[in-house]
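Student: Fold the following for me, if possible:
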Amino acid sequence: LQYWDLEDLYIKPFHAIIKPNRPEKAVKKAIEVIGDLWGLANKEGLPAKLAWQSFMEWIEETNGVGGVSGNPIISAYNISFDAKFIKHHLVEYKLIKPGAFGYDWPWFLEFDAMAVAYLLFESDPTIHSLSFDTMLTRLGMKRENSAVHSAKEDVELLVDWIKRLMKFCRIARSKMRMKV
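Tutor: Reported below is the predicted structural model:
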């Protein structure tokens with residue numbers, strides 16, 4: 001997503017199915033949630049290290065400008081949950097190096113859409129949950145199949161959600177009285 005015009009970047013999207021390292025330890029409920037993807041991951045999934053190496057290569061390709069301003073922004077709904085997994089694997093496979101103040105992550109910042117949802121709906125008495133599905137429903141959006149979790153679909157829905165949010169923020173900013 002290009003922040004200046006909210007258009008999609010003209011780069012290939014990243015998507016990888018990772019082969020489970022220890023499928024015998026999988027939780028039955030988790031397998032139900034991802035549906036047919038479990039079988040596909042076991043049969044055709046990439047080894048984890050290769051998938052994470054490909055992810056890092058993809059990030060390098062997306063950073064055409066170079067430097068901090070060109071680094072991507074990692075976004076998620078409840079980023080603290082997803083970032084733990086991503087960071088763990090980048091460190092585990094030695095794909096990231098320690099810097100002066102911790103690791104030098106390959107993104108500019110972490111954007112949590114759930115925190116923004118809280119700001120938008122914290123005083124709405126009809127909102128009883130900040131789940132992603134609740135926010136999608138509130139915005140007139142929905143998953144293809146709400147019984148099955150698809151990370152790829154979540155990303156696509158989140159991009160649409162962020163585009164709407166950025167348009168809203170631009171309108172709100174134009175109505176605010178700010179001194180230059």
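Student: before we move on, what SS does Lys49 have?
Tutor: Classification of Lys49 using DSSP: H, G, I helix; E, B strand; the rest coil returns helix.
Student: Could I get the pLDDT score of the closest residue to it other than its chain neighbours?
Tutor: Spatial nearest neighbour of Lys49, excluding adjacent residues (CB to CB, 6 or more residues apart in numbering): Tyr93 at 4.8 Å. In short, each C-beta sits where N, CA and C put it, glycine included. Per-residue pLDDT puts Tyr93 at 95.
Student: Dihedrals phi and psi, Tyr93?
Tutor: phi -90, psi 10 (degrees, to the nearest 10).
Student: low pLDDT regions in the protein?
Tutor: 1-11, 64-70, 180 (pLDDT under 70).
Student: And for Lys152, nearest residue in space, chain neighbours not counted?
Tutor: Nearest non-adjacent residue to Lys152, counting by CB to CB, 6+ apart: His15, 5.6 Å away.
Student: Now do the contacts for the residue nearest to Lys49.
Tutor: Counting by CB atoms under 8 Å, 6 or more residues apart in numbering, Tyr93 makes contact with Ala48, Lys49, Trp52, Gln53.
Student: just the buried members of these?
Tutor: Using 16 or more other CB atoms under 10 Å as the burial test, these include Ala48, Trp52 as buried.
Student: wait, which of the contacts of Tyr93 is closest to Ala83?
Tutor: Of all those, Trp52 has the smallest distance to Ala83: 14.0 Å, by CB to CB.
Student: Hmm, Val91 and the closest one touching each other?
Tutor: No: if you go by CB atoms under 8 Å, Trp52 and Val91 don't touch, sitting 10.2 Å apart.
Student: His149 versus the residue nearest the centre of the chain, what's the distance?
Tutor: The residue lying closest to the centre of the chain (CA atoms, centre = their mean) is Ala76, at 3.5 Å. Separation of Ala76 from His149 (CB to CB, to the nearest Å): 14 Å.
Student: And Lys49, by the same measure?
Tutor: Distance of Lys49 to His149, computed by CB to CB: 24 Å.
Student: And for Asp82?
Tutor: From Asp82 to His149 the distance is 13 Å (CB to CB).
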